[in-house]
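# output the structure for:
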Amino acid sequence: ATISGSITNAGTSANTVSSVKIIHDNGDGTTTDVTGKYTINKQDGMLTVKRVVVTITADNKAKQYGLDNPSLTYQVSGLVNNETLDGINVAPELSTTAGKVSPAGDYPITFKPESAVSQTTNYDITYVPGTLKIVKNVTPLIITAKDAQQVYNGEALKASGYKSVSGLTAGDTISMILMK
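Model (predicted):
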């Protein structure tokens, strides 16, 4: 039988029976064509190549308040035949709503919609967001009060302000310190 059909990329293609020849082995090293002794019904088939699911997962990150955001990265699973994202024309870009001075907490790391291709010729692509965790500044904030003195006169010695502050980051300043 001669069957023709071929497909490499995702999709479908006919798998067609185009001719049939039936040979009988005579047992003496010769053969006889016996095709005419059969009623042949050809039934074509279908070749189907399905897309592979590729998952692109944003890496979770962490940083301290006041520091620059870390580089946002991702991992890819599911590509076959040593293909790369560049090779299939997919270039995801990551973003986050967190900035250098965002308060401590969790912030989403997401894929920019304009870069999030959901399908290519041979792949269905799934994107998994990550989380950027911002922790409080671990450098202690030290506020040193001014020294003050007076000779006893029966009146209370009042607080006289502060002389130094250390441990602030990201351009933060102190606008008020209440002294007692």
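
# can you list the residues that contact stretch 133-144?
In this structure, residues lying in contact with stretch 133-144 by C-beta atoms under 8 Å, 6 or more residues apart in numbering are 60-66, 98, 102-107, 162-169, 174, 177. In short, each C-beta sits where N, CA and C put it, glycine included.

# can you select the buried ones from the residues you listed in ChimeraX?
Filtering those down to the buried ones (16 or more other C-beta atoms under 10 Å) takes a single ChimeraX command:
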select :61,63,65,66,98,102,107
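
# take the contacts of stretch 133-144 and keep only those in helices.
The members of the contacts of stretch 133-144 all map outside helices under DSSP state H.

# just the ones in strands from the contacts of stretch 133-144, please.
Within those, residues falling in strands by DSSP state E are 61, 62, 63, 64, 105, 106, 107, 162, 163, 164, 165, 166.

# adding pLDDT and distance to residue 33, write those out as JSON lines.
Formatted as JSON lines, the ones in strands among the contacts of stretch 133-144 follow (pLDDT from 0 to 100; distance: C-beta to C-beta, whole Å):
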{"residue": "61", "pLDDT": "98", "distance to residue 33": "72"}
{"residue": "62", "pLDDT": "98", "distance to residue 33": "76"}
{"residue": "63", "pLDDT": "96", "distance to residue 33": "78"}
{"residue": "64", "pLDDT": "95", "distance to residue 33": "83"}
{"residue": "105", "pLDDT": "98", "distance to residue 33": "81"}
{"residue": "106", "pLDDT": "98", "distance to residue 33": "76"}
{"residue": "107", "pLDDT": "98", "distance to residue 33": "76"}
{"residue": "162", "pLDDT": "76", "distance to residue 33": "108"}
{"residue": "163", "pLDDT": "78", "distance to residue 33": "110"}
{"residue": "164", "pLDDT": "78", "distance to residue 33": "105"}
{"residue": "165", "pLDDT": "83", "distance to residue 33": "101"}
{"residue": "166", "pLDDT": "84", "distance to residue 33": "99"}
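
# neighbours around the residue nearest to residue 118 when sequence neighbours are not counted, how many?
Excluding the flanking residues, the one nearest residue 118 by C-beta to C-beta, 6 or more residues apart in numbering is residue 125, at 5.6 Å. Counted with other C-beta atoms under 10 Å, residues neighbouring residue 125 total 22.

# now the element after the helix or strand bottoming out on mean pLDDT in the chain, going C-ward?
Ranked by mean pLDDT, DSSP states H and E, the weakest helix or strand in the chain is strand 2-4, scoring a mean of 75. Later in the chain than strand 2-4, the nearest helix or strand by DSSP states H and E is strand 11-19.
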